[in-house]
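*Asks:* Sequence first, predicted coordinates after that:
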Amino acid sequence: LNPLELTLGIMTAVGGFVDISQVVFSALAGSMFGYSLIWAFGVSTVGIIVFGEMSGRVAAVAKQPVFNLMRHRLGLKLGLVTLAASVFSTLITCAAEIGGLGLLLRYLTGASYMLMATISAFVLMAAIWVLPFKWIERTFGLLGLLMIVFVVALTAIDPPWEKVAAGFLPQVPQGLSQKELMNFAYFAVAIFSAVMFPYEAYFYSSGGIEEQWGPKDLLTNRVTAIAGMALGSLLSIAMLASAAQLFGPANVGPQIPGSVALETAIPFGPLGLILALLGMLFAVAGAAVETAMANAYSIAQFFGWQWGRRRQPWEAPRFTFAWIIMLLVSLAIVLTGVDPMSLVQYAIVFSILVLPLTYLPLMLLAGDRKYMGQYVNGWLAKILGWLFFAIITVMAIVALPLFFLTSGGQG
Amino acid sequence: MKPDGQIKLVSELLDLPLYDVEGNYAGVVDDVEFRGSAGKDLKLKALLVGPGAYKARLPAWAMWVVRKIAGDRITRVPMDKVHSIGSSVKLECSGRDLGLHKSERAAANWIPHWGAL
C-alpha cells in the first residue's frame, strides 16, 4: 500500500471534519460542555468510516458513485428532492468555506475580507482547472496535515487525560438546566451531522472512481477510510479538548477561527499561531474544493453528464461548468456580507435532513449480492450500517425542532 | 440479465448508468419504450436517455426546473445496441454513434481547451 494512496481519505476527512464549521463548532462545544461531547465525535466517526468504506467498496466493485445509486434506488422524484436538498446544503457549506478563507487570509495578511474571499475563490478555481484529480487530493490532503499542530498543542498543554478519555463514553453532563440540556442535545446532533456530511460520501466514492479503483483496491479503500476519517476525528477532538482546557474555565466562547487558532498560540507562541492559521487555511481550502466538486459530481451523475477531473476540463464540460458555478455562487453569497459562521448553522441542519436519503440506497446496494458478489456487506457492516441509519434517522427528525428551540445552539 | 431476456421489473432498468463500448459513461436510462399491443407480447424497444424523457415521470413544475438546468434532449438507444444489463447498461457501440452527449460536445465549445495538466 502506497502511503500517498491515503490522500483521498485524508482530503475527504480533513475537508469534512476540519472545515470552517467544525473548527468553530468543536472549540465552542469544548468551551461550553468541557470534554463531555468527545463521544459524539467518536461515535459519528465510526459511522462515517462505515459509510465511507461502503461507498468506496461500491465504487470499486459496482463502479457506481453514490448519486447514481441514489437515483436508481430512490427513483427519479425522491432522487431529485435529495439532489436539490444536498446541493443546497453543500452550496451553503461551500460559501461558508470561501468566507472562512477570506477571514483566515485577513488574519494572515491584514487585507480586506471581501478581497481575500474573492481571491480565494479564483485561486481554487485555477487549482481545480489546472490540477488533475490525484494532484488535487494530494495537494489539499497533505497541506491540510498542518492541522496536526492542534494535536501537538493539546499534548503540550497536558490536559487531564483521564477526563479526555472519559469523554469517549456517551454521557450527559450533570446539573444542566433544561435550556442547557437542549443546547447539549443540539450540539450532539450537529456534531453527528458535521462529521457525516453527505458531501464526504459523494466526494469519496466519486474519488474512488476517478482513481479507477477495482476489487484489488479494496484494502486501500478500507485503510484509507479508517485512517483518513480517524485522523480527521483526532484533529477535531484535539480542538475540542484544548478549548475545554483553555477557554471553558475562562468563560470564553470562541466564535471565530482566529480565537480557535489561539489554542496553539498559548503553548507555542507566534509560530504556533501561524502554523494553526496555515493549517486551517489549507484544510478549509480543501473543504471548499471538496464541496464545490461534490456538488458538481452529484449534478453530473444525476443527469448523466460526463464527469470527473481525471479528464481534461473540456472533456467533461458541463461538469466543469457545474463546479465553476458552485464556486462563483458561493462567492456571490459571501459578497452579500452574510456572516459565514451563521451559514454554517444552516448547512449543518440541512445536511442532517439529507443523511438518511444518502446512506439508505448505499446500504441497500452494498448489501445486494447480485451487484456486489463476494464483496457484499458482511455481518459487521450490516449491523453497524443499520445501527447508524437508525441514529441518523432519529437525528434528522429532532434536528429542526432543536435548531429552533435553541436558536442554533445559542441558547 | 440479457437484453433479449424477460425484464420483470422496469424499475430494475430505470435510472441505471450507461457505458458505451469504449467504457465511456454515456448517460442514464431515463425511460424505456415498448413495442407490442393488447393481446401481444410487450417487449422493450429502446432506452430513452436525456432529461426530456423525465416528462412522464415528473410533475410539470419539476420538469420546468429540470429543463432550465439540463435541457430537454432525448436520445433513443435501440435495444439491439445493448450488450448487457447488470449494475449498469453496457452498449455494443460508441455513444457518439448513437448521438449521445451532443449537448456535451456543444458545451465543450464554450470552454477553453488549454491550461490543464
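*Replies:* Structure received.
*Asks:* Could you point out the longest strand of chain B?
*Replies:* Of all the elements of type strand in chain B, the one with the most residues (DSSP state E) is strand B:43-49.
*Asks:* Stretch B:20-34: end-to-end distance?
*Replies:* Start-to-end span of stretch B:20-34 (Cα to Cα, to the nearest Å) is 22 Å.
*Asks:* buried set for it?
*Replies:* Neighbour counts using 16 or more other Cβ atoms under 10 Å in any protein chain shown place B:D20, B:N24, B:Y25, B:A26, B:G27, B:V28, B:V29, B:D30, B:D31, B:V32 of stretch B:20-34 among the buried residues. All C-beta spots, glycine's among them, are computed from the backbone N, C-alpha and C.
*Asks:* quick one on the thing from earlier: could you give the separation of the helix or strand just after the longest strand of chain B from the chain centroid?
*Replies:* Sequence order places helix B:60-70 as the next helix or strand after strand B:43-49, per DSSP states H and E. A distance of 18 Å separates the centroid of the chain from that of helix B:60-70, by Cα atoms, centre = their mean, to the nearest Å.
*Asks:* now for helix B:60-70, which elements pack on it?
*Replies:* Packed against helix B:60-70 by the contact rule (3 or more Cβ pairs under 8 Å, 6 or more residues apart in numbering or on different chains; DSSP states H and E) you find helix A:66-109, helix A:257-303.
*Asks:* how about CSV for those helices, with mean pLDDT and distance to B:T75 added?
*Replies:* Putting the helices and strands packed on helix B:60-70 into CSV (pLDDT from 0 to 100; distance: least, Cβ to Cβ, whole Å) gives the following:
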stretch, mean pLDDT, distance to B:T75
helix A:66-109, 89, 17
helix A:257-303, 92, 13
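*Asks:* Turn those into JSON lines, including distance to B:L13 and mean neighbour count.
*Replies:* Formatted as JSON lines, the helices and strands packed on helix B:60-70 follow (distance: least, Cβ to Cβ, whole Å; neighbours: other Cβ atoms under 10 Å in any protein chain shown):
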{"stretch": "helix A:66-109", "distance to B:L13": "9", "mean neighbour count": "24"}
{"stretch": "helix A:257-303", "distance to B:L13": "17", "mean neighbour count": "24"}
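*Asks:* Out of those helices, the one nearest B:I85 is which?
*Replies:* Set against B:I85 and scored by Cβ to Cβ, the helices and strands packed on helix B:60-70 come closest in helix A:66-109, at 12.3 Å.
*Asks:* name the helices or strands packed onto the closest one?
*Replies:* In terms of contacts (3+ Cβ pairs under 8 Å, 6+ apart), helix A:66-109 is packed against helix A:20-33, helix A:38-61, helix A:113-130, helix A:198-210, helix A:257-303, helix A:317-335, helix A:340-366, helix B:60-70.
*Asks:* Now do it against helix A:38-61: the angle between them, please.
*Replies:* Per axes from the mean of the first three to the mean of the last three Cα atoms, to 10 degrees, the angle that helix A:66-109 makes with helix A:38-61 is 130 degrees.
*Asks:* most centrally placed residue in chain B?
*Replies:* In chain B, the centroid-proximal residue (Cα atoms, centre = their mean) is B:V49; its distance is 2.5 Å.
*Asks:* check contacts around that residue.
*Replies:* By Cβ atoms under 8 Å, 6 or more residues apart in numbering or on different chains, the contact list for B:V49 reads A:G304, B:L18, B:A26, B:G27, B:V28, B:V29, B:D30, B:I74, B:T75, B:R76, B:V77, B:L100.
*Asks:* Sitting in helices, which of the buried residues of stretch B:20-34 do you find?
*Replies:* Using DSSP state H, the subset of the buried residues of stretch B:20-34 located in helices is empty.
*Asks:* least confident pick among the contacts of B:V49?
*Replies:* Within those, B:L100 has the lowest pLDDT, namely 85.
*Asks:* That one: what's it in contact with?
*Replies:* Neighbour list for B:L100: B:L18, B:D20, B:A26, B:G27, B:V49, B:T75, B:V77 [criterion: Cβ under 8 Å, 6+ apart].
*Asks:* Report the secondary structure state of it.
*Replies:* At B:L100, secondary structure determined by DSSP: H, G, I helix; E, B strand; the rest coil is coil.
*Asks:* Excluding residues flanking it in the chain, which one is nearest it?
*Replies:* What sits nearest to B:L100 in space, not counting adjacent residues and going by Cβ to Cβ, 6 or more residues apart in numbering or on different chains, is B:A26, at 4.8 Å.
*Asks:* pretty sure the one you found contacts B:L16?
*Replies:* No. In this structure B:A26 lies outside contact range of B:L16 using Cβ atoms under 8 Å: 11.4 Å.
*Asks:* I'd say B:L18 and B:V29 touch.
*Replies:* Yes. Between B:L18 and B:V29 there is a contact under Cβ under 8 Å: 6.4 Å.
*Asks:* Overlap in contacts, the two.
*Replies:* With Cβ under 8 Å, 6+ apart as the test, B:L18 and B:V29 both reach B:L47, B:V49, B:V89.
*Asks:* For A:L176, see how far away the closest residue to the first one other than its chain neighbours is.
*Replies:* This means B:L47. Excluding the flanking residues, the one nearest B:L47 by Cβ to Cβ, 6+ apart is B:V77, at 4.3 Å. Going from B:V77 to A:L176 by Cβ to Cβ, to the nearest Å gives 61 Å.
*Asks:* Between the two, which has more neighbouring residues?
*Replies:* B:V77 (25 against 14; other Cβ atoms under 10 Å in any protein chain shown).
*Asks:* which element is the more buried one on?
*Replies:* Using DSSP H and E, B:V77 sits in strand B:75-78.
*Asks:* elements contacting that strand?
*Replies:* Using 3+ Cβ pairs under 8 Å, 6+ apart: strand B:75-78 touches strand B:43-49.
*Asks:* at 10 Å what do you get?
*Replies:* strand B:25-28, strand B:31-35, strand B:43-49 (3 or more Cβ pairs under 10 Å, 6 or more residues apart in numbering or on different chains; DSSP states H and E).
*Asks:* pLDDT weak spots in the chain?
*Replies:* In the absence of a named chain, this looks at chain A. Scanning chain A with the threshold set as pLDDT under 70 gives A:1-4, A:15-17, A:411.
*Asks:* that's the wrong chain, I meant chain B
*Replies:* Applying pLDDT under 70 to chain B flags the ranges B:1-11.
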